[in-house]
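In: fold the stuff below for me.
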Amino acid sequence: MSSNNPVVAVLIGRNHYRRMLSSAAWEKLRGFASVIEHAGDEPATHAEMLKLLLEADACLTSWGVAALDDEVLQAAPRLRMMAHMGSSVKRFVTDAVWARGMRVTSAAPALAEDVAITTLGLIITGMKHIWPLGQHVRTGGWRESAYWPSREIRHKNVGVVGASRVGRRLIRFLQPFQVHILLYDPYISDEQASSMGVEKVELAELLKRADILTLHAPATSETRHLITGEGLALLKDDALIVNTARGDLIDERALVSELSKGRFFAFLDVTDPEPPALDSPLRCLPNVVVVPHLAGCIEDCTHLGDMAVEELRRFFADEPALYELTPQILAHMS
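Out: Predicted structure coming up:
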């Protein structure tokens, strides 16, 4: 390896190269760094990282890679930077990383765009009742009455819980649809809410007024079961719930109880636990659709790789990061 270039270890596994790293990203990376490629098909394990990071100055990680714990860092004396191709890095970063003073970046802004797009799609699909009406037609039904339980989002109240990166992007995406957006986020001021074009309200008011409830808060000790049984009881009978954030934001037992009454419809990209038990009512109730945590990118995540490689370039060029994480920021993330 050239002694003039920093060394970057790519730890994601060859099965994930195509969906995570474009040819342009590889070319860019090799333009400023010597690259160590993990030879395995799947993300590097703890034992594999002990060998791969011996000479590395930085590493490129994503879902499934082992954590950078104290033992790994002891085997990686030169490691100074981690660029993560994903959102939260909580399960990959340990106290040893911060103790060394390492720099950590995440491609969360790029991933947030995907989740917000999926959420908008689920909101439109849910309000039009595409799923239940599709099932109705499949069993022989059609237009048996003048009124159809199919609605537009125009002029509806959309309750957004959490002005996270996803929440803010969704707010932006919703603006052209002539909706009224209610926001619950205790960390956002009235002035900030006004600048986003939303009405800041308390959670109970949001739940009472919302035609659509969409969740975008992180999973922390403060937000666990943020949506309780009492809160769900406040929802309108024909409301729509969309959860593309974290399953434990909702008290799932209470959610099942309310869904069993047939009062509203839910699209759940996340559950608690995940996946739901085989005998969970969430798998069979007619007014809920559970999908396997796919709101983010699945087939093509190369925009995450593009961002992570740019973060590495910036780091070695002594330029400011696009999205650097600190222990303080991480404390408020899932």
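In: CA atoms only for the lowest-mean-pLDDT helix or strand in the chain - export them in PDB, please.
Out: When the helices and strands of the chain are scored by mean pLDDT, DSSP states H and E, helix 327-330 comes last with a mean of 86. Taking Å, rounded to 0.1, in the frame of the first residue of the first chain, the C-alpha atoms of helix 327-330 are listed here in PDB:
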ATOM      1  CA  PRO A 327     -22.200  11.300  22.100                       C
ATOM      2  CA  GLN A 328     -24.800  14.100  22.700                       C
ATOM      3  CA  ILE A 329     -26.500  13.600  19.300                       C
ATOM      4  CA  LEU A 330     -26.400   9.900  19.700                       C
END
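In: okay, buried residues for it please.
Out: Residues L330 are the ones in helix 327-330 that count as buried (16 or more other Cβ atoms under 10 Å). (C-beta placed from N, C-alpha, C; glycine too.)
In: try stretch 129-138
Out: Buried residues in stretch 129-138 (16+ other Cβ under 10 Å): 129, 131, 133, 136.
In: nearest to I171, of the residues you listed?
Out: H129 (24.0 Å; Cβ to Cβ).
In: so how far is I250 from that closest one?
Out: Per Cβ to Cβ, to the nearest Å, H129 is found 21 Å from I250.
In: do the same with F173
Out: For F173, the distance to I250 equals 23 Å [Cβ to Cβ].
In: specify which residue of those two has the higher count of neighbours.
Out: When F173 and I250 are compared for neighbours, I250 comes out ahead with 29 against 15, by other Cβ atoms under 10 Å.
In: so which residues of the stretch 201-334 of the chain form helices?
Out: 203-209, 229-233, 252-259, 302-316, 327-330 (DSSP state H, counting those that start in this stretch).
In: how about the ones you listed in JSON lines, adding distance to R103?
Out: Output for these, formatted as JSON lines (distance: least, Cβ to Cβ, whole Å):
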{"stretch": "helix 203-209", "distance to R103": "36"}
{"stretch": "helix 229-233", "distance to R103": "40"}
{"stretch": "helix 252-259", "distance to R103": "37"}
{"stretch": "helix 302-316", "distance to R103": "6"}
{"stretch": "helix 327-330", "distance to R103": "12"}
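In: just so I know, which of those lies nearest S88?
Out: Minimum separation from S88 across the helices of the stretch 201-334 of the chain (Cβ to Cβ) falls at helix 327-330, 7.7 Å.
In: ok, A308 touching M85?
Out: Yes: A308 is within contact range of M85, at 4.7 Å (criterion: Cβ atoms under 8 Å).
In: intersection of neighbour lists for these two?
Out: By Cβ atoms under 8 Å, 6 or more residues apart in numbering, A308 and M85 have these common neighbours: 60, 107.
In: no further questions, thank you.
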